[in-house]
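Q: predicted structure and sequence below. I'll ask about it afterward.
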2 protein chains.
Amino acid sequence: MEFEALSSAELSTYLRSVPSLYALLNEPDELDISEVGDGNLNFVYFATNTRTPERSVVVKQAPPFLRLVGKTWPLTRHRMEREVAALRRFGALCPQHVPRVYHADSELFLMVMQRLSSHRILRQGLMDGIVYPRLADHMSTWLAHTLFFGSDLYLAPDVKKQAVSAAINTELCKITEDLVFTYPFEDHPSNVYSAAFPSAEIERLWRSPELRVEVGEMKWSFMNDAETLLHGDLHTGSIMVNQDETYVIDPEFAFYGPMGFDVGALIANLLLAYFSRDWHDTRNPQRPATPADVLPYRDWLLAQVSSIWNVFAERFVALWREHESRRKSHFIGDDHAGLCAEAFRARFMQRLFEQSLGFAGCKMIRRIVGMAKVADITSIDDDALRAAVEVRALRCAERLLLERHRMTSIDDVLAVAREMQATGPVCA
Amino acid sequence: MEFEALSSAELSTYLRSVPSLYALLNEPDELDISEVGDGNLNFVYFATNTRTPERSVVVKQAPPFLRLVGKTWPLTRHRMEREVAALRRFGALCPQHVPRVYHADSELFLMVMQRLSSHRILRQGLMDGIVYPRLADHMSTWLAHTLFFGSDLYLAPDVKKQAVSAAINTELCKITEDLVFTYPFEDHPSNVYSAAFPSAEIERLWRSPELRVEVGEMKWSFMNDAETLLHGDLHTGSIMVNQDETYVIDPEFAFYGPMGFDVGALIANLLLAYFSRDWHDTRNPQRPATPADVLPYRDWLLAQVSSIWNVFAERFVALWREHESRRKSHFIGDDHAGLCAEAFRARFMQRLFEQSLGFAGCKMIRRIVGMAKVADITSIDDDALRAAVEVRALRCAERLLLERHRMTSIDDVLAVAREMQATGPVCA
């Protein structure tokens, strides 16, 4: 039977029929259902008690296709189970940064979750030049906790291996394998280029053996390195913020993969925000005054990249040390000299840093030459400026991929971004 | 109910009750059952028709413990299912190098397989100084086929991910995680050191941050990199040979892991055979004359290391090229310049080479300072010579781990082995 999205009346009746939701929504006589309509994959609704509008939930339903494209791109509805499982797992690890799941229905592939009504999508906030003073702190915690506690550094080997198996997410991983690591390097019909984007840039990208080797390495890592339960799509559109709180949403791409993939996605999206600043600064000259205003907003964005990496790394290592100290054993075995466990941690973090930069590069490239774009850049309606921004971002991404093995500090990344911004090519 | 090994009469009755085996064994009135008794994990028997002794099979049964240690080391009997599945998979890929499985019983955790009556365990043959002219050719094929066809370079992503899940082998992986990557670096009660082995060598091994970091990296790779279906225990005791044929047996450790683990295990065991040559050459002065006698046997062993790597690499790349040419697509996406796919292959093989040397180093170390030894070395009954051999092997292993990222050719490995053999320390 062909899938039909639920009507407002059907959804209202359904929600009122689930006792826990009926109570949570304050025993509604009537629910106001409004479609949010910005999901790439799913149908998303707000359901609100018309009498007491502060009682409101989010409903998410997975249709049997990719919503962005339509019925021509079929997709199993079981992705909803992955998302629910990931929300519950991440929620157990970081309850302060994950919306609560109130109800999940595995027959309708539907879930009901906490509505974050005073929060907005981070990407939108960044475009508007809003300073979020706790963002780096919160995202560092989120990354440290989710990446550490899902890994062999913490879990017993049998639990970890079962978790790998349970988190297999073939279809959504395939989307990433294709749209991030493959199609952008092909003359693929799904690619979209902006009006003034110079084709010479694409040719250079496609034909550079050095770059293609690095992207191939990242694709191999993505497909093989089952290190921890990742969010899998951690861009600035998957984060909701206000001045006090930060929530990570939409983990339907969750699977066991390389830790650097989530770190890299976040760094990539902050760098895309950085390169698009020329435009948004012009558009929003009247930014709200905050203490951070001593910095231009562009520099605040780079400070977030720096802080997220540094504080994440510090917290990740602290969790690791604390765990090993409590267990009185190290991942590498006994540390007779008192130097070896720390030496391994240093190597581990350097490898993770290089891996993160590799994935950051791939994620930036796909947003410039692939199918799915970011609003930070698509909202630039000056074709020449948009192309210049895109070229700078693309070249920055290439340098991250090519130079990551020589980079040892996040300052090296910031230096490349600043250099690209300052000396970046003017669009032909 | 406590496990009891089958009596000869019970096993005989059982085998005769299975119609396919009854036919295969030429309708035996009576079966001669003899226990082989050299299994570390399992009970292994030959079952032979007393009337027509050329009709004979191997029977393998998994008790609910590690046989080498006994009932104090419990082990799930489901390992037999892993072994049967791996034998069938490898047999489909390389029928000429894998014994046939005639029957598998998932209630008794028992299987019946082809008896290789004219073949012997490679390790024994090497100790006796026998030249196997087709060994490198066969093992190169085996490695190339098993490693390539189980990977994302060949399988569709969904098939590969299901295969990863199906091959999870927690308990046997745990044995490797502990006995190869952890206990040898601890003052662990399971470790065994030979009589004259200098404790300063162990101290150096334990206290070197550089070395411990490399071993930690290999442990992380072993636990996380789900690249292909590995044999998982590919030492020279898992290979049966004669002058014409080569069979790989005992894949109970099979799981999805890093490709270099199998390659490294084989290289490690050939290098251990090399370092033990001083002793075996004295013991076997009358080696059979073969054309290879123009080389000292020690050099023939190194030539096998060289040939196995080089021919494996060549065949692996050939399978990969052929597959991509037939599919008209590359792992990395379209190759517009005609240079990128080959550049990625070169990088891939270099990474695999370095990974293989890292695992080779770990596998050599565990045979010197860990629990399970190799007969090549334990058979040396001169304590001082045995210790000298062990120190040379250990130092060679350390150099492989430390220098692998600078090595680009198997000749670099051979040079280190020769250097250790020539200038290696005399035992204190």
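A: Nice, I can see it.

Q: what parts of the stretch 251-400 of chain A come near chain B?
A: Taking C-beta under 8 Å from any C-beta of the partner chain as the criterion, the neighbours of chain B within the stretch 251-400 of chain A are A:331-337, A:339-340, A:343-344, A:347-348, A:351. All C-beta spots, glycine's among them, are computed from the backbone N, C-alpha and C.

Q: pLDDT-wise, what's the bottom of these?
A: By predicted confidence, those are weakest at A:Ala337, whose pLDDT stands at 87.

Q: what's near enough to touch the residue nearest the centre of chain A?
A: Against the mean C-alpha coordinate of chain A, by C-alpha atoms, centre = their mean, the closest residue is A:Leu234 at 0.8 Å. The neighbourhood of A:Leu234, defined by C-beta atoms under 8 Å, 6 or more residues apart in numbering or on different chains, consists of A:Val248, A:Asp262, A:Ala265, A:Leu266.

Q: do A:Glu214 as well
A: A:Gly358, A:Gly361, A:Leu401, A:Leu402, A:Arg404.

Q: and those residues, which two are furthest apart?
A: Maximum pairwise distance in those, criterion C-beta to C-beta, is 9.7 Å, between A:Gly358 and A:Leu402.

Q: next, A:Met240: secondary structure please.
A: Reducing the assignment at A:Met240 to three states with DSSP: H, G, I helix; E, B strand; the rest coil gives strand.

Q: I'd assumed A:Ser117 was in contact with it.
A: No. With contact defined as C-beta atoms under 8 Å, A:Met240 and A:Ser117 do not form a contacting pair (10.1 Å).

Q: so between those two, which is more surrounded?
A: When A:Met240 and A:Ser117 are compared on other C-beta atoms under 10 Å in any protein chain shown, the one with more neighbours turns out to be A:Met240, at 21 against 13.

Q: what count of nearby residues applies to A:Pro19?
A: A count of nearby residues for A:Pro19, using other C-beta under 10 Å, gives 8.

Q: chain B contacts on the stretch 51-200 of chain A?
A: Within the stretch 51-200 of chain A, the positions near chain B by C-beta under 8 Å from any C-beta are A:152, A:157-158, A:160-162, A:164-165, A:168, A:170-171, A:173-174, A:177, A:181-187.

Q: please pick the buried ones from these.
A: Buried positions within these, assessed by neighbour count (16 or more other C-beta atoms under 10 Å in any protein chain shown), are A:152, A:160-161, A:164-165, A:168, A:170-171, A:173-174, A:177, A:181-186.

Q: tell me which residues touch the spatially closest residue to A:Glu245 that is not a sequence neighbour, please.
A: Spatially, and ignoring its direct neighbours in sequence, A:Glu245 is nearest to A:His119 (6.6 Å; C-beta to C-beta, 6 or more residues apart in numbering or on different chains). For A:His119, the contacting residues are A:Met240, A:Val241, A:Asn242, A:Glu245, A:Tyr247, by C-beta under 8 Å, 6+ apart.

Q: next one: A:His119 from A:Asp244, what distance?
A: Between A:His119 and A:Asp244 the distance, using C-beta to C-beta, to the nearest Å, works out to 9 Å.

Q: swap in A:Ala372?
A: Summarising the geometry, the distance separating A:Ala372 from A:Asp244, computed by C-beta to C-beta, is 30 Å.

Q: which two of the contacts of A:His119 have the greatest separation?
A: Using C-beta to C-beta, the contacts of A:His119 span at most 9.3 Å, a distance reached by A:Asn242 and A:Tyr247.

Q: residue in the stretch 1-150 of chain A nearest to chain B?
A: Residue nearest to chain B within the stretch 1-150 of chain A: A:Thr76 (10.5 Å; C-beta to the nearest C-beta).

Q: could you give the backbone dihedrals for that residue?
A: Main-chain dihedrals, A:Thr76, degrees, to the nearest 10: phi -60, psi 140.
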